[in-house]
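J.: sequence isn't available, so here's the structure alone:
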Ligand SMILES: NC(=O)c1ccc[n+]([C@@H]2O[C@H](COP(=O)([O-])OP(=O)(O)OC[C@H]3O[C@@H](n4cnc5c(N)ncnc54)[C@H](O)[C@@H]3O)[C@@H](O)[C@H]2O)c1
Ligand SMILES: CC(C)(O)[C@@H](O)C(=O)O
Ligand SMILES: [Mg+2]
Ligand SMILES: [Mg+2]
C-alpha cells in the first residue's frame, strides 16, 4: 500500500496486507538455505522455522557457530549442512555471511545458483560494490534483499515477544517473475514488523551511514565527549554516567520510542525543555559537517573498501576484540557495568 510519511508517499507492505498464511503459500515448495550463522543467520533462520517454513542452515563445520547452530536445534545432516551442500539443496539462498566473508565464498555459492533459484541478501553491499567484491549474480536467478533495520539479536527477541523489527526490501533482478512475492514472503517470514521499499544502492549507503552515524559511531562519540567534560569538571563517574547514558536508555529514549521527541520533551521540566530547545540546533550545526564527510566517504566506496580490507584479514576477529576491549575498559563503560548491576531488576 502507499502510505504518507510526512508529505512523502512510499510503498510499504504490512502484515495485514500480506499475512503469514500467504507467505507460507508463496514459499511452500521452496527450501530456504540460510548461509552463515553469525548474528542475522540465527535470527532469520529461527524466525523462519518457527513461522513454519522449510529452512536449512549452511555453516562451516568445526566452527564455533556450527556448534551454536546445533545448540539452537539444527540437526546435522537434516537441517544443518556445510555451506556447499546447503547451497546445493536450497532453492532460495540467503547469503548471510559477513560482507567480507561473502567475497571468499561467492564462487561456491555461484556454482549452485541454477536457473530459477533466488539469491537473497540482507545488505546491498555485495552487488552494489561488485567491482570490489566480484559478486555478479547470473542473469537467470532472482536477486532480492530484506534488510532488517536492527541487530539479528533484536529481530529474534522481538519475534519471541510477539513484536516485529522493520525491514527494507528491494529487487535487483527479477528473473522468474516471482521475485516480488518471494521477497515480501521472506520479509514477513523472517519476522519483519512492516517492510519499506528501497533499492540495493540506497540500502547500503543509508545503512553504512546510519551505523557509523547516530546508531553507533556518533552516539558513542557524543557520549564520550559529554562524559569527559563532566569528569574534567569534577563530577563523579556515577553522576557523569547517569547524566550521559543511563537516563537516556532507561528513562528518556523509551518515551521517544513511544510517542516522539516532543512528547519526551513535554514530560521533562520546562527548565529542561528551554535548554534542550535552545541547544539542539547548535549540536545539529556542529555535527552536520561530520555527517556530510561520512556520507561522502560512503558514497565514494571508501567505507566499503575499508571494511573489506580490515575484515578479510585472518586475524580480524582478534583485532575487533581488542578495539571492543578498549571501549569496555574505558572508565565510562566500566562505570556503566556497575550501574547496570545496581538496577533493581538485576539484583
Ligand atoms: N549483524 C546484524 O544484525 C545485521 C543487521 C542487518 C544486516 N546485516 C547484514 O547481514 C549479513 C550477515 O551479517 P552478520 O553480522 O550476521 O555476519 P557475521 O559477521 O556475524 O558473520 C556471519 C557468519 O559468516 C561466517 N564467515 C565469515 N567469513 C567467512 C568465511 N570466509 N568463510 C566462511 N564463513 C565465514 C562467520 O563465521 C559467521 O558465522 C551482512 O550482509 C550484514 O551486513 C547484519
Ligand atoms: C544492526 C545494524 C547496525 O543495523 C546493521 O546495519 C549491521 O551492520 O549490523
Ligand atoms: Mg549494516
Ligand atoms: Mg543496519
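T.: Perfect, I can see it now. What you see is a predicted model, and the numbers here were worked out from it, not measured in a lab. Ligands and ions are numbered 1, 2, ... in the order given.
J.: gap between the residue of the stretch 1-150 of the chain found nearest ligand 3 and ligand 1?
T.: Closest contact between the stretch 1-150 of the chain and ligand 3, by C-beta to the ion, is at residue 123 (6.0 Å). All C-beta spots, glycine's among them, are computed from the backbone N, C-alpha and C. Counting by C-beta to the nearest ligand atom, to the nearest Å, the gap from residue 123 to ligand 1 is 4 Å.
J.: just give the number of residues close to that residue.
T.: By the criterion of other C-beta atoms under 10 Å, residue 123 has 20 neighbours.
J.: tell me the domain ranges of the chain?
T.: 2-197, 210-346 (the TED database).
J.: hey, which of the ones you listed is tucked in deepest?
T.: domain 2-197 (a mean of 19; mean count of other C-beta atoms under 10 Å).
J.: that older thread, surely the residue of the stretch 1-150 of the chain closest to ligand 3 touches residue 149?
T.: No. With contact defined as C-beta atoms under 8 Å, residue 123 does not reach residue 149; the gap is 11.5 Å.
J.: common neighbours of the two, please.
T.: Contact criterion C-beta atoms under 8 Å, 6 or more residues apart in numbering; residues shared by residue 123 and residue 149: none found.
J.: picking that back up, contacting residues for the residue of the stretch 1-150 of the chain closest to ligand 3?
T.: 99, 145, 147, 203, 204, 207.
J.: ok, and which of those reach ligand 3?
T.: Checking the contacts of residue 123 against ligand 3 by C-beta under 5 Å from the ion, the ones in range are residue 207.
J.: keep only those of the contacts of residue 123 that are in strands.
T.: 145, 147 (DSSP state E).
J.: and the contacts of residue 123 as CSV, adding distance to residue 229?
T.: Output for the contacts of residue 123, formatted as CSV (distance: C-beta to C-beta, whole Å):
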residue, distance to residue 229
99, 36
145, 42
147, 36
203, 36
204, 35
207, 31
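J.: contact partners for the residue nearest to residue 33 when sequence neighbours are not counted?
T.: Computed as C-beta to C-beta, 6 or more residues apart in numbering, the closest residue to residue 33 that is not its neighbour in sequence is residue 90, at 2.6 Å. Listed by C-beta under 8 Å, 6+ apart, the contact partners of residue 90 are 31, 32, 33, 35, 56, 58, 112, 117.
J.: adding pLDDT, write those residues out as CSV.
T.: Formatted as CSV, the entries for the contacts of residue 90 read as follows, by pLDDT from 0 to 100:
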residue, pLDDT
31, 98
32, 99
33, 99
35, 98
56, 98
58, 98
112, 98
117, 98
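J.: quick one: which of those residues sit in helices?
T.: Applying DSSP state H to the contacts of residue 90, no entry is found in helices.
J.: okay, and which of those residues map to strands?
T.: Those of the contacts of residue 90 lying in strands (DSSP E): 32, 33, 35, 56, 58.
J.: find the nearest non-adjacent residue to residue 267, please.
T.: residue 255 (5.8 Å).
J.: next up, the contacts around the one you found.
T.: Here residue 255 is in contact with 263, 264, 267 (C-beta under 8 Å, 6+ apart).
J.: need those in CSV with pLDDT, can you?
T.: What follows is those, written out as CSV (pLDDT from 0 to 100):
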residue, pLDDT
263, 98
264, 98
267, 98
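J.: how about the helices in the stretch 201-347 of the chain?
T.: Applying DSSP state H, counting those that start in this stretch to the stretch 201-347 of the chain gives helices spanning 217-232, 237-241, 247, 253-259, 261-266, 270-299, 302-311, 316-328, 331-341.
J.: now distance to residue 1 too, for those helices, in a markdown table please.
T.: Listed next are the helices of the stretch 201-347 of the chain as a markdown table, based on distance: least, C-beta to C-beta, whole Å:
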| stretch | distance to residue 1 |
| --- | --- |
| helix 217-232 | 33 |
| helix 237-241 | 44 |
| helix 247 | 38 |
| helix 253-259 | 24 |
| helix 261-266 | 27 |
| helix 270-299 | 30 |
| helix 302-311 | 33 |
| helix 316-328 | 41 |
| helix 331-341 | 42 |
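J.: dump the contacts of residue 123 into a markdown table; add distance to residue 79 and pLDDT as well.
T.: Putting these into a markdown table (distance: C-beta to C-beta, whole Å; pLDDT from 0 to 100) gives the following:
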| residue | distance to residue 79 | pLDDT |
| --- | --- | --- |
| 99 | 25 | 97 |
| 145 | 24 | 98 |
| 147 | 25 | 98 |
| 203 | 29 | 98 |
| 204 | 31 | 98 |
| 207 | 30 | 98 |
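J.: give me the subset of the contacts of residue 123 touching ligand 1.
T.: 99, 147 (C-beta under 6 Å from any ligand atom).
J.: which residues touch the residue lying farthest from the centre of the chain?
T.: Computed with C-alpha atoms, centre = their mean, the residue of the chain farthest from its C-alpha average is residue 234, at 38.4 Å. Shown in contact with residue 234 (C-beta under 8 Å, 6+ apart): no residues.
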